[in-house]
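Visitor: Need coordinates for the following:
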Amino acid sequence: MAARIDHLVTSGTFSLDGGTWEVDNNVWIVGDENEAIVVDAAHDAEAIHRALDGRRLAAIVSTHAHDDHIDAAPALADATGAPVLLHPDDLMLWKRRHPDRDPDGALADGQVVTIAGTDLTVLHTPGHSPGAVCLHAPELGTVFSGDTLFKGGPGATGRSFSDFPTIITSIRERLLTLPEDTVVRTGHGDATTIGEEAPHLDAWIARGH
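Guide: Now for the predicted structure:
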């Protein structure tokens, strides 16, 4: 039996380049009745811990290290004993929020994270940040896209360490090659599908952001 996906929305702030904004983040919990992983421990470690409902937390997987996606990660790790996993290319962003604590493990392109008998493959998708990753779970018909792809277009690339041509390449080569019915579970806002977003790639490029 495949793992199930639970969804939690937490609220807080995102800060970078001298600005701070209020944000709502999607937190995804993937697992069964016994164990789970958390995709992006955002803002509220206590609420995420409650949502686990007694399940063993096997890992906290960070899609990238903007502070709104990792601010609750150390506290959740301390409460559960779970390791925090992050692509090393985002370590400089992590250190801005957590200068005295390193992630517990590194994510790499092609790495497989298995939970409740379900495989999630790490896709390195730089652009929004250098170490941004997505997690593809074909058995669940979904990809957890972090801030790489949203309903309506790519993630933002107007701040430090981001690059628009790079995120377009990541989306074209790593995400739009997935089956059209793949559900895209995003870091903020509503879910979408690969088939819904793929026809708009040229328009995004023309807009240039």
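Visitor: contacts and neighbour counts: CA atoms only from here.
Guide: Noted.
Visitor: Quick one: the strands in the protein, in order.
Guide: 4-16, 19-31, 35-39, 56-61, 84-86, 105-106, 112-115, 118-124, 133-137, 142-146, 149-150, 153-154, 183-186, 192-193 (DSSP state E).
Visitor: between the ones you listed, which one is nearest to Trp204?
Guide: Between Trp204 and the strands of the chain, the tightest spacing by Cα to Cα is seen for strand 153-154, at 6.7 Å.
Visitor: counting contacts, what elements does the closest one pack onto?
Guide: helix 201-207 (3 or more Cα pairs under 8 Å, 6 or more residues apart in numbering; DSSP states H and E).
Visitor: and the end-to-end length of stretch 6-26?
Guide: Distance between the two ends of stretch 6-26: 10 Å, counting by Cα to Cα, to the nearest Å.
Visitor: mind listing what's buried in it?
Guide: For stretch 6-26, the neighbour count (16 or more other Cα atoms under 10 Å) marks Val9, Thr10, Gly12, Thr13, Phe14, Asp24, Asn25, Asn26 as buried.
Visitor: just curious, which of those residues is nearest to Leu76?
Guide: Once Cα to Cα is applied, the member of the buried residues of stretch 6-26 that ends up nearest Leu76 is Thr10, at 13.8 Å.
Visitor: sorry, back to before: kindly reformat the strands of the chain as JSON lines and extend each row with mean pLDDT and distance to Pro74.
Guide: As requested, the strands of the chain are exported to JSON lines (pLDDT from 0 to 100; distance: least, Cα to Cα, whole Å):
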{"stretch": "strand 4-16", "mean pLDDT": "98", "distance to Pro74": "16"}
{"stretch": "strand 19-31", "mean pLDDT": "98", "distance to Pro74": "15"}
{"stretch": "strand 35-39", "mean pLDDT": "98", "distance to Pro74": "13"}
{"stretch": "strand 56-61", "mean pLDDT": "98", "distance to Pro74": "9"}
{"stretch": "strand 84-86", "mean pLDDT": "99", "distance to Pro74": "8"}
{"stretch": "strand 105-106", "mean pLDDT": "98", "distance to Pro74": "13"}
{"stretch": "strand 112-115", "mean pLDDT": "98", "distance to Pro74": "20"}
{"stretch": "strand 118-124", "mean pLDDT": "98", "distance to Pro74": "21"}
{"stretch": "strand 133-137", "mean pLDDT": "99", "distance to Pro74": "19"}
{"stretch": "strand 142-146", "mean pLDDT": "98", "distance to Pro74": "19"}
{"stretch": "strand 149-150", "mean pLDDT": "98", "distance to Pro74": "26"}
{"stretch": "strand 153-154", "mean pLDDT": "98", "distance to Pro74": "28"}
{"stretch": "strand 183-186", "mean pLDDT": "98", "distance to Pro74": "22"}
{"stretch": "strand 192-193", "mean pLDDT": "98", "distance to Pro74": "30"}
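Visitor: Right, I'll call it a day here.
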